[in-house]
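Novice: based on what follows, work out the 3D shape:
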Amino acid sequence: MEKNMFRDFSKFRKIIGVGAVVLLLIIIGFSSFCILSPTQRGVRVTFGKAGDTVLQPGLIFKTPFVQSIKKYDLSPKQLEMSFSMGSDAAVTQDMQSVACNIVVYWTYDEAKILDIVNGYSEQSIRNLVKDNTLGSIKEVIGKYSIYNIVEKQDEVTDKVRLALINRLSYYPVLISSVTINNWDWSAEFDKQIANTMAMAQQVKVAQQELEVTKQNSQKQVAEANAAKEKAEIEAAMKVSVAKQEALAREAEAVGFANAAKIKAEGEAEARKIAGEAEASYYKSLEPYADVIKTTRGLDIEEQRALNWNGVEVPTYLPLTANGTLVNLN
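Specialist: Numbers count the residues shown, from 1 in each chain. Below is the predicted model of the structure:
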């Protein structure tokens, strides 16, 4: 029985040994590579010494227990800071305290990742961004009066962003965006702002009313000019119509005169032609004048014979000595 127990224990030790070897191989296998995501960059570190190459996204192989991969995520990181109205507040050019909330998005500079691994920790980078943000906002606000801060908040924000970029240009950090909101100042200045805004609103209303009056005046001038132009056009049209009518009447009168002249000339010409034709006709009959005379006499005699009633009618009138007609009754 003791032999069986010894035999079982030996088998168990072998199983444990094989399992340990398999586990060790698995650990070594998983320790031989790592994966960098699309937003990550890496640096291979061998016995604490960083390599000189920035590793790109993908499957990265390394020597187990000897090498490690230091990863840096290039996704934007957020830093939010608040300035209260106490001793931490920014001070304007005219010595007014200003508080605000500022949000900065930053990321590692991929071109300077080797500088990070050799000289900075993640916390030291965050402190750099925080300290330079504080310095930038106080520097910019100190160049503005409190009134300009109120009126030019977008401009102030942009200048803080540029100042922060300039301050961090020597460090392995890139600034993505800067947002400043929740501006605050003293209660006294809040009252001044309210009064100023009210006055500005009144000025704006007055300017709008002036603009409306100006527009109405311009409208009236435009309407007057339009009416004047319309009257001038209508007058010109009337003159043009009158001229056309006068020309038409003149043309009609000239036409009638020309027609009458042409008609008279035509009638005279016709009479002339008729007279000439008649004269020519009678002239053509001159050689036959005796014949025509004889023929006409015969026609008269024939007519007389036809009209005779058997009574001889004298062909002369009897006259007395004193020249009066003889009374035949």
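Novice: from the contact counts, what lies against the strand or helix carrying Asp131?
Specialist: Element membership for Asp131 (DSSP states H and E) is helix 122-141. When contacts are defined as 3 or more C-beta pairs under 8 Å, 6 or more residues apart in numbering; DSSP states H and E, helix 122-141 packs onto strand 77-83, strand 90-91, strand 97-108, helix 153-167, strand 173-184. For the C-beta atoms, the positions are set from N, CA and C on the backbone; glycine is no exception.
Novice: hey, which of those is tucked in deepest?
Specialist: Among those, strand 97-108 has the highest mean neighbour count (mean count of other C-beta atoms under 10 Å), at a mean of 20.
Novice: of all the helices and strands packed on helix 122-141, which one comes closest to Lys70?
Specialist: With C-beta to C-beta as the measure, strand 97-108 is the member of these nearest Lys70 (11.7 Å).
Novice: mind checking how far the following helix or strand past the closest one is from the chain centre?
Specialist: As assigned by DSSP H and E, the chain's next helix or strand after strand 97-108 is helix 113-119. Centroid separation between helix 113-119 and its chain, computed with C-alpha atoms, centre = their mean, to the nearest Å, is 52 Å.
Novice: before we move on, what about stretch 73-83?
Specialist: 40 Å.
Novice: quick one: the helices in this structure?
Specialist: Using DSSP state H, the helices of the chain run over 2-30, 113-119, 122-141, 146-151, 153-167, 187-285, 289-307.
Novice: same list (these) but as a markdown table, adding mean pLDDT and distance to Ser84.
Specialist: Formatted as a markdown table, those follow (pLDDT from 0 to 100; distance: least, C-beta to C-beta, whole Å):
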| stretch | mean pLDDT | distance to Ser84 |
| --- | --- | --- |
| helix 2-30 | 54 | 50 |
| helix 113-119 | 88 | 32 |
| helix 122-141 | 92 | 13 |
| helix 146-151 | 86 | 16 |
| helix 153-167 | 94 | 18 |
| helix 187-285 | 74 | 14 |
| helix 289-307 | 70 | 153 |
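Novice: how about these, which one is nearest Asp88?
Specialist: For those, proximity to Asp88 was assessed by C-beta to C-beta; helix 122-141 is nearest, at 9.0 Å.
Novice: quick one: contacts of the closest one?
Specialist: For helix 122-141, contacts defined as C-beta atoms under 8 Å, 6 or more residues apart in numbering pick out 79, 81, 83, 90-92, 98, 100, 102, 104, 106, 108, 116, 120, 149, 156, 159-160, 163-164, 167-168, 171-173, 178, 180.
Novice: what do you get if the cut-off is 7 Å, keeping everything else the same?
Specialist: Helix 122-141 is contacted by residues 79, 81, 90, 92, 98, 102, 104, 106, 116, 149, 156, 159-160, 163-164, 167-168, 171, 173 when judged by C-beta atoms under 7 Å, 6 or more residues apart in numbering.
Novice: tilt between it and strand 173-184?
Specialist: Angle between the axes of helix 122-141 and strand 173-184 is 50 degrees (criterion: axes from the mean of the first three to the mean of the last three C-alpha atoms, to 10 degrees).
Novice: what's around Gln244, how many residues?
Specialist: For Gln244, the neighbour count with other C-beta atoms under 10 Å is 10.
Novice: roughly how far does it sit from Glu234?
Specialist: Computed as C-beta to C-beta, to the nearest Å, the Gln244 to Glu234 distance reads 15 Å.
Novice: could you do Arg249 as well?
Specialist: Distance from Arg249 to Glu234, counting by C-beta to C-beta: 22 Å.
Novice: cool, Thr179 as well?
Specialist: 65 Å.
Novice: ok, Asp88 next?
Specialist: Between Asp88 and Glu234 the computed distance is 78 Å (C-beta to C-beta).
Novice: neighbour-wise, which of those two wins?
Specialist: Taking neighbours as other C-beta under 10 Å, Asp88 and Glu234 compare with Asp88 leading, 13 against 10.
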